[in-house]
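1. Return a 3D structure for these sequence lines:
(4 chains)
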There are 2 protein chains.
Amino acid sequence: MATQVVNHVQKPAPADKTFSDFPPIVAEALEQEALTTTYPTGAVLFAEGQAPRGVFIVRRGRVKLSICSSDGRTLILRIADPGCLLGVAAVVSGRNYEATAETQEPSEISFLRHTDLLRLMRLHGEFALWVTQHISQDYASTCREIRDLILSDSASEKLARLLVGWLDQNTSARNPSQMKLALTHEEIGQMIGSSRETVSRLFAGFKKQRLIQQTGSTIVIPNRLALENLITA
Amino acid sequence: MATQVVNHVQKPAPADKTFSDFPPIVAEALEQEALTTTYPTGAVLFAEGQAPRGVFIVRRGRVKLSICSSDGRTLILRIADPGCLLGVAAVVSGRNYEATAETQEPSEISFLRHTDLLRLMRLHGEFALWVTQHISQDYASTCREIRDLILSDSASEKLARLLVGWLDQNTSARNPSQMKLALTHEEIGQMIGSSRETVSRLFAGFKKQRLIQQTGSTIVIPNRLALENLITA
DNA sequence: AAGAAGTGGTGATGGAGATCACACATTGCT
DNA sequence: AGCAATGTGTGATCTCCATCACCACTTCTT
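-> Take a look at the predicted model:
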């Protein structure tokens, strides 16, 4: 499905010191110009409203992207995995960062100054195309996010969507119906735009309906279809 | 504010047959490769879920971008003005169109096949950069949309946001506190994620509070600050 | 002129979920 | 251990808005 125009995109990157997981031109450019640093948990790469300094490339770890309302409520846009490019939109359009990026765990992040990014893009169309692909994916995922959030009024539907989405990402390993829950109920609430208590109640309900099983931070979804039925509703 | 990296962006384009309102390289490329057509009101340029055929450039008129939920409810992402580039994310990432584009009035639209777009991007970094700028703006505006919609639960706050936003766009002419209302209540509801009746009631309330005045399709906002106070709430 | 189709006002009702207020569990720190 | 900090479960209440149900008004169509 969905013909891939260029390959090499979004493959979980091995945390080597080179950028060999990217297209040749891109890798070469990045090796020369990018600066790689290790951050602890909770480090803020950039904050909503700041003037753009450059773009960040996640090499290892996970980064939380969120936006904030005036009254302090938070919405988590997504969790960025290795291979993700952060802050491009701000750099390219010259507007301030539209979200806040914060590490969720110790992470290795490469940085590319905004002047360097623009220069490289002008110089190599291939490089520019690569950048555009990344931001296109961000755009698409944001569109899906908006659709899921607004067009499904029941909170249970949103949670079901989130869980199924996670299941797809974690094609990991032998047990495809199992995954680790790395977020708190509070954070899940911030992802689906509802309160912490509602998330608690929803999980309780799901367990009662045998839609999920939970032991510690491990979640098992014995019957994926049942969950998906909640969505069409 | 917000340093503009390249100029020439988003200036309302005069509907000439050339692309002289764009950067030279872009204009030249488009003049050779793009196909310009006139569409009536209600024409669908592309629909959510279709495989990408190419990108559309709005030369004249207005185009509604919307997404749809399974149960038929609609959310209007935004109304695209002349100068806007539509469908880039889909073409570049190779995914299906993530929204539906429909003309709101008779419009003149240029079309560029997806292979041509990619070729031009690879060839000219400057062209690619121009494309990326457009999609970056789309991304930013979508982020703002999502924030406004989710993080303000009261519908009145959302409507106030929408009205103030429109006021900013219509820096038009002598009377900055006045504008034409080109959408129905139904459509406004689809922009702020609420029902038609709620929009009606909100407008009635706003009039009662002297926040807006309305004669025909013309809206006057005598006291912009009062409206903005609804937002922080 | 007379429908027909689209739009706009407004009441009544119900339900989903936010919020407040706790008690309990889990983790980490010294 | 033992205490603090953080995360989780659950009841009671209350508010906002979707929904249903009509009526009025305006364009179009024929």
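
2. Skipping its backbone neighbours, what lies nearest A:Leu123 in space?
-> In space, A:Leu123 comes closest to B:Gly125 once its chain neighbours are excluded; the distance is 5.6 Å by C-beta to C-beta, 6 or more residues apart in numbering or on different chains. The C-beta positions use only the backbone N, C-alpha and C, and glycine is treated the same way.

3. Tell me which stretches of chain A form helices.
-> Listed from the start of the chain, chain A has helices (DSSP state H) covering A:24-33, A:88-93, A:114-123, A:125-151, A:155-169, A:185-192, A:196-208, A:224-232.

4. Pipe the ones you listed into TSV and attach distance to B:Ala90, mean pLDDT and mean neighbour count per row.
-> TSV is the format used below for the helices of chain A (distance: least, C-beta to C-beta, whole Å; pLDDT from 0 to 100; neighbours: other C-beta atoms under 10 Å in any protein chain shown):
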stretch	distance to B:Ala90	mean pLDDT	mean neighbour count
helix A:24-33	22	92	16
helix A:88-93	17	96	28
helix A:114-123	21	95	19
helix A:125-151	8	91	23
helix A:155-169	20	93	19
helix A:185-192	25	96	20
helix A:196-208	33	97	16
helix A:224-232	23	89	14
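
5. Any idea which of the ones you listed gets closest to B:Phe206?
-> Each of those was checked against B:Phe206 via C-beta to C-beta, and the shortest separation belongs to helix A:125-151, namely 22.3 Å.

6. Go ahead and confirm A:Gln50 touches A:Glu98.
-> No - when contacts are counted by C-beta atoms under 8 Å, A:Gln50 is not listed as touching A:Glu98 (10.2 Å).

7. So for the two, which residue has more residues nearby?
-> A:Glu98 (25 against 13; other C-beta atoms under 10 Å in any protein chain shown).

8. was I right about that one contacting A:Glu48?
-> Yes - between A:Glu98 and A:Glu48 there is a contact under C-beta under 8 Å: 6.6 Å.

9. For chain A, what lies in contact range of DNA strand D?
-> With C-beta under 7 Å from any atom of the strand as the criterion, chain A comes near DNA strand D at residues A:153, A:184-186, A:196-197, A:200-201, A:203-204.

10. from those residues, which two are the most distant?
-> Looking at the residues of chain A next to DNA strand D by C-beta to C-beta, the two members farthest from one another are A:Asp153 and A:Thr184, with 24.0 Å of separation.

11. from what I can see A:Gly49 touches A:Tyr97, true?
-> Yes - in terms of C-beta under 8 Å, A:Gly49 counts as a neighbour of A:Tyr97; the distance is 6.8 Å.

12. who has more neighbours, those two?
-> For A:Gly49 against A:Tyr97, the residue with the higher neighbour count under other C-beta under 10 Å is A:Tyr97, and the figures read 24 against 12.

13. The more buried one and A:Glu31, how far apart?
-> When distance is defined by C-beta to C-beta, to the nearest Å, A:Tyr97 is 25 Å away from A:Glu31.

14. Could you tell me which residues make contact with the residue lying closest to A:Ala34 once chain neighbours are set aside?
-> On the basis of C-beta to C-beta, 6+ apart, the spatially nearest residue to A:Ala34 that is not a chain neighbour turns out to be A:Ser110, at 4.3 Å. Contact criterion C-beta atoms under 8 Å, 6 or more residues apart in numbering or on different chains gives A:19, A:30, A:34-37, A:56-57, A:59 as the residues in contact with A:Ser110.
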